[in-house]
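J.: Fold the stuff below for me.
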Amino acid sequence: MTSVDLPVCKIGRTARDPVVRCAEINQSSTGDFLWEVTHHIGVNDCRKFESLVHAKLLQLRQKKREFFNIHPDDAIVAIQSILWSAPDLRIVTIAESQKEDSGVSRRTGPPRKQSARQSRDTIYAHLLDGFTE
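T.: Have a look, this model is predicted:
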């Protein structure tokens, strides 16, 4: 039995490559499934963007963590809509986002196991973090 209700999507930020971060989390995992990065978006202010996303998706949030009861494909549509409605936020490359958000704290939480698919056809991100809290 998992401590997370499925379906679940972990939405969060990182100042690092989300695929690398996800691999680290899965490597140290003792849970029931592996996290995977399905979408990621680099933004100029990851803290503000994460706060907006978490506020908009609050009704789908689990246990005050970065877990949301939403499919990743539905999450990215909602997240893009939030981004387009925030005039002071803009998409940036992973290198730019690392420079602008070098002060992002890195915390680890209880990871889980299931599958490990990677998608690199979107812009790098702070968003579907590679799944850490």
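
J.: Which helix runs longest in this structure?
T.: As assigned by DSSP state H, the longest helix anywhere in the chain is helix 72-84.

J.: So for that one, what gets flagged as buried?
T.: Residues 72, 75-76, 78-79, 82-83 are the ones in helix 72-84 that count as buried (16 or more other CB atoms under 10 Å). In short, each C-beta sits where N, CA and C put it, glycine included.

J.: Which of those sits closest to residue 62?
T.: Distance to residue 62, by CB to CB, is smallest for residue 75 among the buried residues of helix 72-84, at 13.3 Å.

J.: For residue 45, see how far away the closest residue to the closest one other than its chain neighbours is.
T.: Among residues not flanking residue 75 along the chain, residue 9 sits closest, at 4.8 Å (CB to CB, 6 or more residues apart in numbering). From residue 9 across to residue 45, the span is 22 Å (CB to CB, to the nearest Å).

J.: And the two? Which one has more around it.
T.: When residue 9 is set against residue 45 and neighbours are counted by other CB atoms under 10 Å, the residue ahead is residue 9, at 23 against 19.

J.: Now do the same contact list for the residue nearest to residue 75.
T.: 67-72, 75, 128 (CB atoms under 8 Å, 6 or more residues apart in numbering).

J.: In PyMOL, select just the buried ones from those.
T.: In PyMOL, this line selects whichever of the contacts of residue 9 come out buried by 16+ other CB under 10 Å:
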select buried, resi 67+68+70+72+75+128
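
J.: need the contacts of residue 9 in JSON lines with distance to residue 35 and pLDDT, can you?
T.: As requested, the contacts of residue 9 are exported to JSON lines (distance: CB to CB, whole Å; pLDDT from 0 to 100):
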{"residue": "67", "distance to residue 35": "11", "pLDDT": "88"}
{"residue": "68", "distance to residue 35": "13", "pLDDT": "93"}
{"residue": "69", "distance to residue 35": "16", "pLDDT": "93"}
{"residue": "70", "distance to residue 35": "15", "pLDDT": "93"}
{"residue": "71", "distance to residue 35": "14", "pLDDT": "92"}
{"residue": "72", "distance to residue 35": "11", "pLDDT": "92"}
{"residue": "75", "distance to residue 35": "14", "pLDDT": "93"}
{"residue": "128", "distance to residue 35": "9", "pLDDT": "40"}
